[in-house]
Each structure stands twice: as structure tokens, then as C-alpha cells.
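Enquirer: Let's see this in three dimensions:
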Amino acid sequence: MNFRAWISGSFIAAAFCCLADDGSTAYNFLDVTSSSRVYGLGGINISLIDDDINLIEQNPAFLGPELGKQVGVNYMRYLGDSDFAGVRYGMAAGEKSAWAVAVQYFGYGEIRGTDETGADIGSFSPKDIYVAGTFGHDITDRLRGGITLKAIYSSYESYTAFAMATDLGISYFDSDRDLSLSLVITNLGGQLKRFNDVYDRLPVDVRLGWTQGLGPYPFRISVTAWNLTKWHLPYTDAGDGSADTMPEEKDSFGSNLLRHLVFGMEFMPADAFYVGLGYNYKTRTDMSAYSRTFLSGMSMCAGFNANRFSIGGAVAQPHSGAMTFMFNLRMTL
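Expert: Here you go, the predicted structure:
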């Protein structure tokens, strides 16, 4: 079976699996990007085309022979004492294909453990790790497909679990119009070893992406639709936080629509430099029960590109007590 027929069949089968996904999930750390550029553009972006191996975590169809011998390193200081880090390496496989491997670590700091009486029994450091392999192939001059396979290990105190997940991606890029369209299905798979008797589901998702350059102007805009396996994404609005304010559940058409969309804009005055701004309405509304600020839901990124080297960073403040930042490094060996 050729690659084109294989990936078409895979998408059809995966779509039926996603339609049945209407329950709660675990492993939501898999939705945390390892790209500072994507983090600054709202945290989800599957249609941003660039010569950067850090981007293939969002869409395996970004991987091609032009990313051969690239190494990508990422570090993120997340909420609380959480630290995330990883490394990714790509290699060309002929003129139309490429493969890549990655390791990503999610550490959540040190937590004090107690027994049922409240007595201290020592501390532990919960963590998640995944190892991934990605393959990308040019189907036509403008269409590329890709697949990522992830082996996921979790360790929380004395409990461990193991899962397997697959991402499928397809990307269309028209360089003449600076137009990119993408479809990604993420985290197909399941647990092979459970923490206990409860089966934790992976956060399976269908995502659509659109990125468009603005012709002679040095701007590029992106809109990404995610959480497309379900329409209703209600949230609780805590109001102004005063004692006489009752929390209210929001589930209107407008709020559901916006909670499915992530918006990003980049300013690129030169090929070697970019600045980006993103807005994620879901992040903002998820923080409504906390001390969110005007910047909640917004994120920013900037980066510098050279011929064989690039560096990028991003910052966001989901609420007043949490400033997060991410750092990326990309090198061509």
C-alpha cells in the first residue's frame, strides 16, 4: 500500500474513533506545546510553516527533508514549580521523506506526602515522560502527510502507568499565496498499564488550522480550531469573586465557539526576526475562578533566525500568580 492511500485510510478510521470520544480524559500534559513560537501564538497552532524542527510536535506533517540534521531543544517554566524540557532531532530520508525522534519531560516539583492521619511520610516528585518517533512524506508538491508515535510513562509517588499515542497530520502549503491549511488528529491510543483499577483516557482531538500571509505586509495571521470532538465546552464564571456573588455556568453559542478557537499574529520585518502575539479564549475563561489579569489568555513570543541557528522565547500570564515562560533553541549540525 502506498503512503497516500495509507494515510487517507488512517484519517478515516481515526475520525470515527474521535466521534466516540465524549468522556473525560487524563494525560492533558500532551496538549502543552514544546515550541516557544507556538506557545506565544496561543499554545495551539498546526498550520505555521517554517524551517524549525520544534514545530513538528504540533503537526507531524511539518517534517520534511529540509529539516535534516536539525536539533531542537526546549525548556519551559510552567505553573508552580513545574519544569518541562525536551530535545528533538530530525534526519532526511531521501528527497521526499524524513524521520525524527524526541524525548519530552514534564516535572511537577516536589510534593509532600502524608498518610491517612496526616503524618508526614516524605516527599515525592511526580513526572511524565514521552519518547516519540515521527515520519513525514511529501504526497505532492503542496501536500505533505506525517505520523508520530509516542510512548508515555507516568510516575506519581508509588504509582506508574504506561500508554501509547499516535498523532496523524496532513498539511497543504501554497507558497505563491503564502497560504497554509492543516488537519491533525492527536493522541489516538490508550493505556497499556494503569495507575490502579481506573482506565484513564487520552485527550483525543481533531484540529483544523489556517495560516495566511498578508501579501506585501510583514504580517501573518493564524486561526486554529481545536477540541472539535465536542461542541459544548461550558465553564464557570465566578464573577468579581465577592462573597455575595454566585458562580454561574456559561454555555452559550458564542462562548462555545470562541473556546474552540486560538488566534495568532506574527510580525516579521525580516527573515531573521519575528514577534508574535496570541489569544486563547479557553485559557482566559478557564482562569475565571482565579485572580486573572487583563493579560490572561494572551501570550507573546519573539525569535531570531540565522542560517544554522535560531533562538526563541515566549511568555504568558494565565492569572496574577503565574508567569510562565518558554525557551527554544534550534541548530543545524
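Enquirer: residues of stretch 129-143 that come out buried?
Expert: Going by neighbour count (16 or more other Cβ atoms under 10 Å), the buried part of stretch 129-143 is 130, 132, 134-139. In this view, the C-beta of every residue, glycine as well, is placed from N, C-alpha and C.
Enquirer: which residues of this structure score low on pLDDT?
Expert: In the predicted model of the chain, residues 1-25, 239-245, 288-294, 320-321 satisfy pLDDT under 70.
Enquirer: can you give me the helices for it?
Expert: Taking DSSP state H as the criterion, the chain contains helices spanning 3-19, 36-40, 253-258, 281-286.
Enquirer: Looks like residue 276 contacts residue 300 (just checking).
Expert: Yes. Residue 276 lies in contact with residue 300 (Cβ atoms under 8 Å); the separation is 6.8 Å.
Enquirer: between those two, who's got more neighbours?
Expert: residue 276 (27 against 17; other Cβ atoms under 10 Å).
Enquirer: Check the gap between that one and residue 310 for me.
Expert: According to Cβ to Cβ, to the nearest Å, residue 276 and residue 310 sit 14 Å apart.
Enquirer: buried sites along stretch 65-75?
Expert: Buried positions in stretch 65-75, judged by neighbour count with 16+ other Cβ under 10 Å: 65, 67-68, 70, 72-75.
Enquirer: now do stretch 324-332
Expert: Quick answer for stretch 324-332 (16+ other Cβ under 10 Å): 324-326, 328-330, 332.
Enquirer: got it, and stretch 91-99?
Expert: 91-93, 97-99.
Enquirer: again, but for stretch 47-60
Expert: For stretch 47-60, by 16+ other Cβ under 10 Å, it's 47-50, 52-60.
Enquirer: Over to stretch 180-188?
Expert: Neighbour-count burial for stretch 180-188 flags 180-188 (criterion: 16+ other Cβ under 10 Å).
Enquirer: wait, doesn't residue 212 sit right on residue 178?
Expert: Yes. Using Cβ under 8 Å, residue 212 is in contact with residue 178, at 6.7 Å.
Enquirer: intersection of neighbour lists for those two?
Expert: Common contacts of residue 212 and residue 178 (Cβ atoms under 8 Å, 6 or more residues apart in numbering): residue 220.
Enquirer: what do residue 276 and residue 300 both touch?
Expert: 40, 314.
Enquirer: ok, the residue of the chain most remote from its centre - contacts?
Expert: Centroid-distance maximum for the chain: residue 117 at 39.7 Å, with Cα atoms, centre = their mean. Not one residue lies near residue 117 by Cβ under 8 Å, 6+ apart.
Enquirer: For it, give me phi and psi.
Expert: When read as degrees, to the nearest 10, the backbone of residue 117 gives phi -90, psi 0.
Enquirer: any idea how far residue 238 is from residue 115?
Expert: Distance of residue 115 to residue 238, given as Cβ to Cβ: 34 Å.
Enquirer: Oops, could you answer that again for residue 232 instead?
Expert: Distance, residue 232 to residue 238, using Cβ to Cβ: 20 Å.
Enquirer: Neighbour count: the two, which is higher?
Expert: Applying other Cβ under 10 Å to residue 232 and residue 238 shows that residue 238 carries more neighbours, namely 16 against 9.
Enquirer: Enumerate every residue touching residue 260.
Expert: By Cβ under 8 Å, 6+ apart, the contact list for residue 260 reads 225-228, 231, 233, 282.
Enquirer: which of those tops the neighbour count?
Expert: residue 226 (24 neighbours).
Enquirer: For the nearest residue to it once chain neighbours are set aside, which residues are in contact?
Expert: Nearest-residue entry for residue 226: residue 207, 4.5 Å, with adjacent residues in sequence omitted and distances by Cβ to Cβ, 6 or more residues apart in numbering. The contact partners of residue 207, by Cβ under 8 Å, 6+ apart, come to 44, 46, 182-186, 224-226, 228.
Enquirer: change it to 6 Å
Expert: Applying Cβ atoms under 6 Å, 6 or more residues apart in numbering, one finds that residue 207 lies in contact with 46, 184, 226.
Enquirer: No further queries at this time; thank you.
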